[in-house]
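K.L.:
Predicted coordinates and the sequence they were generated for:
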Amino acid sequence: MKAITYKLFADEKIRHRICRDYALDPSLSHEQLAEALVEAFGQNPGAGPDGRREATNQVVYRAAALALASNSRSWATFLPHEKSLAELTFGYDPYRTAAAVRAEQLTINDLAACLPGQTAGKDAHAIIRWAEMLDSTPRYHEVLRRLDERLRSEGMESAAIVPAVAVILGAPGGKTLKQFPPPEKSDTWKVHGMGPVLASEFLRNLQWAGFKPDRHVIRLFTRWFPDVIEKEMPRARALGERLGTRRKDVLEFLTFSLVGAAVTPEGKTFTEVDNLVWALGAYTEKKGKESSTVYRID
DNA sequence: CCATGGTCGGCAGTGAGTAA
DNA sequence: TTACTCACTGCCGACCATGG
């Protein structure tokens, strides 16, 4: 971890770029900057219990909307638009948002204007679909907690919970739905506009403790920890089996989620580690330009 | 035939990098 | 400084392969 924070903030140019993107004070120490960066992502559950606390549909809606807002879009690009997204959705109120859409006072284009990039329309559409889903599903978070409780009661280790739920929400196959019947009045767990990766982002926004293996993280871990990957692969396959899937992309997602959990040291959260590894991949160890450094994570 | 899974390309704007 | 190329991001739908 020290090596990663050093690499991130020692270089003047990179430190200033990160500070510009996330409105941090460049005169802080490396440790303070690392802490402030993780803070800026706002997903670190800290010491609290994960996945167990209450969350209103409004809190759930905010978590979903922000996860969708991060799709194919650097967080720093979206940040300036966050305020207007919050205003358009009445402070992430799914009921008022759904009502405004019904009354044709809010359109996909209105929301898309807050989401720069190629997936703007699709993400905006998904944000509306989520409002409609939550509008007709009271206490959605309780539904998720029941899923969480079931998996735990069946002996699933806690590091596997978020990846498992993310697969059920993001890429449920027919077998998955047989083993995990969807909530009442619904014929699927599939959430709008999210695959497993965005679904784990969504869960993290709800302060569930999980590791999100995005492209940067996968790329760097492939270089750093081939042995851990080898070791976690059978466990990912077993987990996939448990979830009723053998899809290659899902197994890759599960493998790297487990690798992330495995390399997270005692006393650190998954979120802290993956936020910092992500930043390293996004700002320093870029694709095709990686150094030969194998960063120790401790 | 049906369910499942793999592969590929489109989406559409950002920003880093490079050449002139 | 300007103009240009290209990689990047995750989801999804079209299409094909496999196997019961």
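P.N.:
Now that the structure is in, tell me what you want to look at.
K.L.:
Now do the contacts for the residue in the stretch 151-298 of chain A positioned nearest to DNA strand B.
P.N.:
Distances between the stretch 151-298 of chain A and DNA strand B by C-beta to the nearest atom of the strand are smallest at A:Gly174, namely 2.4 Å. (C-beta placed from N, C-alpha, C; glycine too.) Counting by C-beta atoms under 8 Å, 6 or more residues apart in numbering, A:Gly174 makes contact with A:Gly244.
K.L.:
Which positions in the stretch 101-250 of chain A make contact with DNA strand C?
P.N.:
A:117-119, A:122, A:126, A:170, A:192-199, A:214-216 (C-beta under 7 Å from any atom of the strand).
K.L.:
Of these, grab the buried ones for PyMOL.
P.N.:
Restricted to buried positions by 16 or more other C-beta atoms under 10 Å, the PyMOL selection for these reads:
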select buried, chain A and resi 119+122+126+170+192+193+194+195+196+197+198+199+214+216
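K.L.:
Among the residues of the stretch 101-250 of chain A next to DNA strand C, which lie within strands?
P.N.:
Residues of those located in strands (DSSP state E): none.
K.L.:
Now A:Val143: which helix or strand?
P.N.:
If you go by DSSP states H and E, A:Val143 is part of helix A:140-153.
K.L.:
Hmm, A:Ala120 and A:Asn109 touching each other?
P.N.:
No - A:Asn109 is beyond contact range of A:Ala120, at 9.1 Å (criterion: C-beta atoms under 8 Å).
K.L.:
from the stretch 101-250 of chain A, which residue is nearest to DNA strand C?
P.N.:
Of all residues in the stretch 101-250 of chain A, the one sitting closest to DNA strand C is A:Gly195 (2.6 Å; C-beta to the nearest atom of the strand).
K.L.:
give the contact list for the residue lying closest to that residue once chain neighbours are set aside.
P.N.:
Using C-beta to C-beta, 6 or more residues apart in numbering and skipping residues adjacent in sequence, the residue nearest A:Gly195 is A:Gly170, 4.4 Å away. When contacts are counted by C-beta under 8 Å, 6+ apart, A:Gly170 touches A:Lys190, A:Val191, A:Met194, A:Gly195, A:Pro196, A:Val197, A:Leu198, A:Ala199, A:Ser200.
K.L.:
List the contacts of the third one.
P.N.:
Going back to what we said before, that points to A:Met194. Contacts here follow C-beta under 8 Å, 6+ apart; on that basis A:Met194 touches A:Ala64, A:Ala67, A:Leu68, A:Ala126, A:Leu169, A:Gly170, A:Phe202.
K.L.:
Fine by me, thanks again.
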